[in-house]
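Trainee: no letters, just coordinates:
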């Protein structure tokens with residue numbers, strides 16, 4: 001029979017070995033810079049889903065050109081709205097925000113089932129079946145800055161309202177770009 005003293009000693013030795021191993025493993029990455037520490041999200045804005053409506057990449061664009069995001073000024077709102085209903089046509093009837101005196105959405109056409117509505121952002125790509133509009137936050141009540149989010153409420157023809165927190169787009173900031181794949185060797189080049 002093993003004495004009680006020996007059992008306690010073995011438990012103490014095992015616990016000490018476990019603690020030392022944990023310390024060594026923790027110390028292995030100390031001071032290392034991870035690849036993900038400098039990555040930004042692939043999409044700048046926020047998203048929301050309610051029943052058959054998906055809002056994607058909702059954001060206020062960084063100031064550029066005539067849009068200054070200052071008090072009394074105008075800002076552009078960017079987003080993609082997806083009508084994911086297989087049968088119901090939907091219309092965006094309005095957009096409200098506490099930071100804007102008014103929101104100009106122009107003449108919005110009905111969004112067919114399984115179609116998208118995209119705010120028209122210069123240089124943005126579109127796909128077949130996608131409707132484009134320009135949305136302006138007018139008469140801004142305060143200067144909009146990067147960091148906080150600003151509530152934007154989307155109103156629909158079916159009575160639904162969706163409130164989404166929209167950040168200022170980080171356009172122009174460095175973004176993570178995965179390394180390019182090596183080019184294939186030309187014919188005749190051997191290694």
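Mentor: The structure has been received and is ready for your questions. In this text the structure is predicted, and so the values were computed from the model without any measurement.
Trainee: mind telling me what element residue 17 is part of?
Mentor: Following DSSP states H and E, one finds residue 17 within helix 4-28.
Trainee: next structured bit after that helix?
Mentor: Downstream of helix 4-28 (by DSSP H and E), the next one is strand 46-50.
Trainee: can you name every helix or strand that that next one contacts?
Mentor: Using 3 or more Cβ pairs under 8 Å, 6 or more residues apart in numbering; DSSP states H and E, the elements in contact with strand 46-50 are strand 53-60, strand 161-167. For the C-beta atoms, the positions are set from N, CA and C on the backbone; glycine is no exception.
Trainee: how about those strands in JSON lines, adding distance to residue 136, mean pLDDT and mean neighbour count?
Mentor: Shown next, in JSON lines, are those (distance: least, Cβ to Cβ, whole Å; pLDDT from 0 to 100; neighbours: other Cβ atoms under 10 Å):
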{"stretch": "strand 53-60", "distance to residue 136": "11", "mean pLDDT": "93", "mean neighbour count": "22"}
{"stretch": "strand 161-167", "distance to residue 136": "14", "mean pLDDT": "95", "mean neighbour count": "16"}
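Trainee: surely residue 113 touches residue 53?
Mentor: No - using Cβ atoms under 8 Å, residue 113 is not in contact with residue 53; the gap is 11.7 Å.
Trainee: which neighbours do those two have in common?
Mentor: residue 83 (Cβ atoms under 8 Å, 6 or more residues apart in numbering).
Trainee: what about residue 169, how many neighbours?
Mentor: 21 (other Cβ atoms under 10 Å).
Trainee: ok now do residue 148, which residues does it touch?
Mentor: residue 167.
Trainee: try 10 Å this time
Mentor: 165, 167-168 (Cβ atoms under 10 Å, 6 or more residues apart in numbering).
Trainee: state the distance from it to residue 163.
Mentor: Separation of residue 148 from residue 163 (Cβ to Cβ, to the nearest Å): 15 Å.
Trainee: just to revisit the earlier point, mind putting the contacts of residue 148 into TSV with distance to residue 63?
Mentor: Compiled in TSV, those are given as follows (distance: Cβ to Cβ, whole Å):
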residue	distance to residue 63
165	19
167	14
168	9
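Trainee: from those residues, pick the one nearest residue 139.
Mentor: residue 168 (17.7 Å; Cβ to Cβ).
Trainee: list the buried residues in stretch 101-114.
Mentor: Of all the residues in stretch 101-114, those buried under the rule 16 or more other Cβ atoms under 10 Å are 103, 105, 108, 111.
Trainee: that stretch: end-to-end distance?
Mentor: In stretch 101-114, first residue to last residue: 32 Å (Cα to Cα, to the nearest Å).
Trainee: do the same with stretch 142-154
Mentor: Start-to-end, stretch 142-154 (Cα to Cα) is 20 Å.
Trainee: where does the prediction get shaky in the chain?
Mentor: 1-4, 7, 23-43, 120-129, 170-191 (pLDDT under 70).
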